[in-house]
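> here is the input, now give the coordinates:
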Amino acid sequence: MRLSIQLIVFSFAIMGTNAADECPWSEYACFDVINSSLCLSTQASSNTTTAASMAKCVEYDNAMSDLPGATKLCRCTGCHSAPVNAAIQKLFPPPCA
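Prediction:
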């Protein structure tokens, strides 16, 4: 029981410090962006990343949103860590398509 309470408290602590606090959770496209975090973080850390390569990360079968990848990323700029968010904001500035 004590371990369960500690795990719950730990989970809330992690959620409270999450970089995704600015993520618009009502937007289905943002779930596709979150689900593509490994691909996006790899792309963001590359010096040769392009908007097209990042957009491909969020375009996959059975995605929650049928929006184009560039639109998903433009609408969901606050759903990741600071380096990934910075890369998304640089490559996909508003206004969104």
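
> tell me who's in contact with residue 51.
Counting by Cβ atoms under 8 Å, 6 or more residues apart in numbering, residue 51 touches 70, 91-92. Heads up, the C-betas are built off the backbone N, CA and C, glycines and all.

> could you tell me the end-to-end distance of stretch 64-76?
Between the opening and closing residues of stretch 64-76 there is a gap of 14 Å (Cα to Cα, to the nearest Å).

> what's in contact with it?
Here stretch 64-76 has contacts from 23-24, 27-34, 51, 54-59, 88, 91-94, 96-97, using Cβ under 8 Å, 6+ apart.

> distance of residue 58 from residue 76?
Taken as Cβ to Cβ, to the nearest Å, the spacing of residue 58 relative to residue 76 amounts to 9 Å.

> repeat that for residue 56.
Shown here: residue 56 relative to residue 76, a distance of 16 Å by Cβ to Cβ.

> the two: who's more crowded?
residue 76 (28 against 14; other Cβ atoms under 10 Å).

> per-residue pLDDT, the more buried one?
At residue 76, the predicted lDDT confidence score is 89.

> what of residue 12?
Predicted confidence (pLDDT) at residue 12: the value is 44.

> could you do the one 5 residues further on as well?
In the predicted model, residue 17 carries a pLDDT score of 43.

> so residue 49 is in contact with residue 40, correct?
No. Counting by Cβ atoms under 8 Å, residue 40 is not a contact partner of residue 49; they are 9.5 Å apart.

> if we can go back for a sec, give me the ChimeraX select line for the contacts of stretch 64-76, limited to the buried ones.
The buried subset of the contacts of stretch 64-76, as determined by 16 or more other Cβ atoms under 10 Å, is captured in ChimeraX by this line:
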select :23,27,29,30,31,32,33,34,51,54,55,57,58,59,88,91,92
